[in-house]
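Student: sequence plus predicted model, see below.
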Amino acid sequence: MRFDLTILGCSGAVPAYRRFPTMQLLNVQEQLFMIDCGEGAQMRFSDFSVKWGKLSHIFISHHHGDHVLGLPGLLSSMGLNHRTSPLTVFGPPKVGAFLEQACSFSEQLSFPVHFESVDPDRNALVYESRHLRVYSLPLRHSVPATGYLFQEKERPRSMRGELIEKYQIPYQAIPGIRNGDDFVSSVHGVIPNGALTIAPPAPRSFAFCSDTAYQPSLTDYIYGVDLLYHEATFLQQHEAQAKETGHSTAKDAARTALEANAGTLLLGHYSTRYPVLDRILQEAVSVFPNTILGSDGLIVPLTTRPGTG
């Protein structure tokens with residue numbers, strides 16, 4: 001099942017050369033979930049050949065401009081392209097106020113837009129579908145902000161096809177067996193589920209943590225996550241400014257990944273004071289080796305780490 005992340009923008013508060021503000025797309029079985037919506041969002045969809053008809057939900061971390069200013073243009077462009085399917089936007093309360101203004105820029109949108117308010121102080125289930133659960137993550141920033149944890153649901157077990165005929169398993173019994181039931185045969189007795197099925201791959205998970213200062217309590221909510229996106233606005237030499245503005249250093253991000261026992265760390269939200277990002281990556285890798293430097297257009301497939309599948 002497809003489960004991958006595309007970086008549409010990796011810059012901090014100010015866009016930089018080849019770096020748009022924060023925005024990402026999570027593809028779960030060809031359903032798109034957008035996380036933050038910085039300036040130029042509709043351009044990024046075009047740049048990377050993304051079909052916005054597959055976009056069903058947008059999750060916004062907080063109301064700062066570099067995370068929401070892409071909403072008016074994106075909504076307008078979708079309307080001009082005759083979208084009719086509903087769109088749901090999640091975020092702290094002030095995001096809702098901005099969303100109302102964003103919708104007003106288009107005289108008459110061709111599709112309904114719903115807002116779901118998220119309490120930035122709670123870790124709570126905010127969305128659930130057949131394949132996915134999404135939880136809010138309390139962050140520590142200069143304004144109320146929330147991260148998001150995307151958890152794939154466990155998939156049913158696969159039947160060993162050759163055994164269906166061997167044990168004369170009726171069709172109506174198969175769904176229950178795939179969900180863990182044993183099979184009772186009048187001839188062979190109880191046949192354990194493990195003998196009839198193959199276990200699915202372990203569910204995958206992705207945590208989005210931006211904007212936030214370093215906070216050890218975050219690891220309680222994301223422990224064991226497969227892919228952790230954590231902002232790395234500053235280098236450690238600018239730690240004082242990071243603390244003052246409610247942001248993190250690359251070392252902070254790496255410490256969080258290490259303490260959360262994450263599989264992979266993905267960095268982003270870089271300050272424009274760093275035109276070259278090598279030192280940010282080096283600083284993080286020195287603490288957490290399995291680190292990726294996020295960049296616009298990067299696609300990261302989500303995989304479970306060895307031993308969990």
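Tutor: Perfect, thanks for sending it.
Student: can we go C-alpha only for contacts and neighbour counts from here?
Tutor: Will do.
Student: run a quick neighbour tally on Pro200.
Tutor: 12 (other CA atoms under 10 Å).
Student: now for it: which residues touch it?
Tutor: Going by CA atoms under 8 Å, 6 or more residues apart in numbering, Pro200 touches Glu154, Arg155, Pro156, Arg157, Ser158, Gly309.
Student: ranges for the helices of the stretch 101-250 of the chain?
Tutor: Counting by DSSP state H, counting those that start in this stretch, the segments of the stretch 101-250 of the chain that form helices are 161-166, 174-178, 193-196, 219-222, 239-245, 250-259.
Student: for Leu277, find the nearest of those.
Tutor: Between Leu277 and the helices of the stretch 101-250 of the chain, the shortest gap by CA to CA is with helix 250-259, which sits at 10.5 Å.
Student: ok, then the element right after the closest one?
Tutor: Next in sequence after helix 250-259, counting helices and strands by DSSP states H and E, comes strand 264-268.
Student: what does that following strand contact?
Tutor: 10-12, 226-233, 250, 253-254, 257, 288, 290-295.
Student: can we see that at 7 Å?
Tutor: Strand 264-268 is touched from outside by 10-11, 226-232, 257, 290-294, with contacts defined as CA atoms under 7 Å, 6 or more residues apart in numbering.
Student: now the nearest residue to Arg204 once chain neighbours are set aside: how far from Arg255?
Tutor: Nearest residue to Arg204, sequence neighbours excluded (CA to CA, 6 or more residues apart in numbering): Glu152, at 5.3 Å. Between Glu152 and Arg255 the distance, using CA to CA, to the nearest Å, works out to 25 Å.
Student: check Thr219 too.
Tutor: 10 Å.
Student: follow-up on the earlier one: identify the residues contacting the residue nearest to Arg204.
Tutor: For Glu152, the contacting residues are His131, Leu132, Arg133, Pro203, Arg204, Ser205, by CA under 7 Å, 6+ apart.
Student: count the neighbours of the closest residue to the first one other than its chain neighbours for me.
Tutor: Counting by CA to CA, 6+ apart, the nearest residue to His131 once its immediate chain neighbours are dropped is Lys153, at 5.3 Å. For Lys153, the number of neighbouring residues by other CA under 10 Å comes to 16.
Student: likewise the one 3 residues further on?
Tutor: Using other CA under 10 Å, Pro156 is surrounded by 17 other residues.
Student: same list (the contacts of Glu152) but as CSV, adding pLDDT.
Tutor: Shown next, in CSV, are the contacts of Glu152 (pLDDT from 0 to 100):
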residue, pLDDT
His131, 91
Leu132, 97
Arg133, 98
Pro203, 94
Arg204, 96
Ser205, 97
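Student: scan these and report the most crowded one.
Tutor: Counting neighbours by other CA under 10 Å, Ser205 comes out on top of the contacts of Glu152 with 25 neighbours.
Student: quick check: bridge partners of it?
Tutor: Bridge pairing for Ser205 (DSSP bridges) gives the partners Gln151.
Student: again with Tyr229
Tutor: Under the criterion used (DSSP bridges), Tyr229 bridges to Phe208, Leu266.
Student: let me see the contact set for it.
Tutor: Ala207, Phe208, Cys209, Leu265, Leu266, Leu267.
Student: model confidence score at the fifth one, please.
Tutor: Spelled out, that is Leu266. As predicted, Leu266 sits at a pLDDT of 98.
Student: ok, now the third one?
Tutor: At Cys209, the model reports a pLDDT of 98.
Student: and Tyr148, how far from Tyr229?
Tutor: Noted for Tyr148: a distance of 10 Å to Tyr229, by CA to CA.
Student: common neighbours of these two, please.
Tutor: Residues touching both Tyr148 and Tyr229 by CA under 7 Å, 6+ apart: Ala207, Phe208, Cys209.
Student: those strands in the stretch 1-150 of the chain, which residues are they?
Tutor: For the stretch 1-150 of the chain, the strands defined by DSSP state E, counting those that start in this stretch cover 3-9, 23-28, 31-37, 55-59, 87-91, 113-117, 125-128, 132-138, 146-152.
Student: make a markdown table from those strands and add distance to Gln172 to it.
Tutor: Shown next, in a markdown table, are the strands of the stretch 1-150 of the chain (distance: least, CA to CA, whole Å):
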| stretch | distance to Gln172 |
| --- | --- |
| strand 3-9 | 30 |
| strand 23-28 | 29 |
| strand 31-37 | 30 |
| strand 55-59 | 34 |
| strand 87-91 | 37 |
| strand 113-117 | 39 |
| strand 125-128 | 27 |
| strand 132-138 | 26 |
| strand 146-152 | 27 |
